[in-house]
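> Sequence first, predicted model second:
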Amino acid sequence: MIKIGICGTAGRMGRTLVAAVVQNPHTRLAAAIEHQGSRWIGADAGDLAGIGTLGLSLVDEPAAAIDSSDVLVDFTVPEATMANLALCRAAGKPIVIGTTGLDQAQRRELSRTAEVLPIVLAPNFSAGVNLTFKLIELAARALGEDFDIEVIEAHHRHKIDAPSGTALRMGEILASALDRDFGTSAVYSRQGRTGERDRKTIGFASVRGGDIVGEHTVLYAGLGERLEITHRASSRMTFANGAVRAAVWLAGQTAGLYDMQDVLGLRD
Ligand SMILES: NC(=O)C1=CN([C@@H]2O[C@H](COP(=O)(O)OP(=O)(O)OC[C@H]3O[C@@H](n4cnc5c(N)ncnc54)[C@H](OP(=O)(O)O)[C@@H]3O)[C@@H](O)[C@H]2O)C=CC1
Ligand SMILES: O=C(O)C1=N[C@H](C(=O)O)C[C@H](O)C1
């Protein structure tokens, strides 16, 4: 049994992760962490997740919680993730990170830490999205420069980062498939007299509303035809099950920075 600690337990993903860990035959919930001052400290993790009392309370001392776990699963905010990364490094405990919106400096720190610690970092833990990553690469290579490419994503009203981590990863994959520099190809907004579309760009559009779990479309617009590749998540359990699968996989790995392509065996 792999002992899992969850950070961000009272959040949308945290609660779903509690249920996924408890339902998985290979894992046991060892620790449920929230930040100091959270009104959920002391609450039962199972009650919060809606799966019945587990006898495990939410705590605000991540170091002790990490010590009692084999792997930490973190779906929080970038600052909390980076603090947990340092604690995991000190304790020698692998970490699965689902948090999106990390900046360049934070990603560099993560890469440095991965020299001594096993880490899975993925903007999306669903199997369907990770297969979609392969499909959009294939389509970009096949359609080449004749088609304009746009990435459209839609999420719930509470999401705090845009574009989504998944959309940005899609952009990186598309740019690489077309031999373009992602940093200079990406266009995040259009307003006013923009001029004609620069054919080398990859555009992003973000929709926010209601309870949309997560939807991503890559649009290839040519002359006389249009191709759309879409993934729609209808339940957070798809992300949670993927993250738990990643945690079980990571427990047996040496130091390195992995993503869901490694976990699913999709790496070329
Ligand atoms: N990779 C993937 O497959 C997926 C990634 N995500 C990403 O996961 C992250 C979380 O999403 P979601 O669950 O919807 O967000 P929520 O806001 O619902 O959950 C985040 C939780 O983390 C808590 N938190 C904040 N700071 C700390 C801290 N220092 N220590 C411990 N807990 C802390 C928050 O508490 P409080 O509310 O009190 O601030 C909250 O309970 C986002 O970055 C999102 O993009 C989401 C779904 C899938
Ligand atoms: O915040 C969310 O909810 C999600 N975030 C991830 C992202 O930013 O790509 C993944 C998923 O679409 C849900």
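Arrived safely, thanks for sending. Ligands and ions are numbered 1, 2, ... in the order given.
> how close does the residue in the chain that ligand 2 sits nearest to sit to Tyr258?
Closest residue of the chain to ligand 2, CB to the nearest ligand atom: Gly214 (2.8 Å). The way it works is simple: take the backbone N, C-alpha and C, and place the C-beta from them, glycine included. Gly214 is 22 Å from Tyr258, where distance means CB to CB, to the nearest Å.
> and the longest helix for this protein?
helix 127-143 (DSSP state H).
> sorry, back to before: show the backbone phi and psi for the residue of the chain closest to ligand 2.
Dihedral angles phi and psi of Gly214 (degrees, to the nearest 10) take the values phi 170, psi 120.
> what does this structure have sitting close to ligand 2?
Taking CB under 6 Å from any ligand atom, the part of the chain that reaches ligand 2 is made up of Thr100, Pro123, Asn124, His155, Lys159, Ser164, Gly165, Thr166, Gly214.
> Tell me the one among those residues nearest to Ile51.
Nearest to Ile51 among the residues of the chain next to ligand 2, counting by CB to CB, is Gly214 at 22.4 Å.
> residues near that closest one, how many?
For Gly214, the count of nearby residues is 23 (other CB atoms under 10 Å).
> OK, contacts around it?
By CB atoms under 8 Å, 6 or more residues apart in numbering, Gly214 lies in contact with Asn124, Glu153, Ala154, His155, Ser164, Thr166, Arg232, Ala233, Phe239.
> what do you get for Ala247?
Ile2, Ile4, Thr27, Val71, Val73, Pro94, Val96, Val120.
> Max pairwise distance over those residues: which two?
In these, two members sit farther apart than any others by CB to CB. They are Thr27 and Val120, at 14.6 Å.
> Those two: which has the busier surroundings?
Between Thr27 and Val120, counting by other CB under 10 Å, Val120 is the more crowded of the two (28 against 22).
> How about the residue of the chain found nearest ligand 1, nearest residue that isn't a chain neighbour?
Closest approach between the chain and ligand 1, counting by CB to the nearest ligand atom: Gly11, at 2.0 Å. Closest residue to Gly11 apart from its sequence neighbours, by CB to CB, 6 or more residues apart in numbering: Phe75 at 6.4 Å.
> How about the residues of the chain by ligand 1?
Taking CB under 6 Å from any ligand atom as the contact definition, the chain meets ligand 1 at 7-8, 10-14, 33-35, 38, 75-77, 80, 98-101, 122-125, 165, 239.
> Domain-wise, how is this protein divided?
With domains defined by automatic domain parsing, the chain comprises 2-125+236-263, 127-233.
> just those: most buried one?
Mean neighbour count (mean count of other CB atoms under 10 Å) peaks for domain 2-125+236-263 among those, with a mean of 20.
> Just give me how far that one sits from the chain centre.
Counting by CA atoms, centre = their mean, to the nearest Å, domain 2-125+236-263 is centred 12 Å from the centre of its parent chain.
> Ends of it, what's the gap?
Terminal residues of domain 2-125+236-263 are spaced 16 Å apart (CA to CA, to the nearest Å).
> Now it: average pLDDT?
The average of the pLDDT scores along domain 2-125+236-263 is 98.
> before we move on, what about stretch 154-165?
Stretch 154-165 shows a mean pLDDT of 98.
> Any figure for the gap between the most centrally placed residue in the chain and Ala247?
The C-alpha lying nearest the average C-alpha coordinate of the chain belongs to Pro123 (CA atoms, centre = their mean; 2.5 Å). Distance of Pro123 to Ala247, computed by CB to CB: 17 Å.
> for the residue nearest to Gly11, what are its contacts?
Ile6, Cys7, Gly8, Gly11, Met13, Gly14, Leu17, Gly98, Thr99, Ala243.
> Also Asp259?
Asp259 sits in contact with Val120, Leu121, Ala122, where contact means CB under 8 Å, 6+ apart.
> can you tell me which of the residues you listed are in strands?
Among those, DSSP state E puts Val120, Leu121 in strands.
> possible to save the contacts of Asp259 as CSV with distance to Ser206?
Below are the contacts of Asp259 laid out as CSV (distance: CB to CB, whole Å):
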residue, distance to Ser206
Val120, 25
Leu121, 21
Ala122, 20
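> Look up the residues forming beta bridges with Gly5.
Beta bridges link Gly5 to Ala31, Leu72, judged by DSSP bridges.
> Noted, bye for now.
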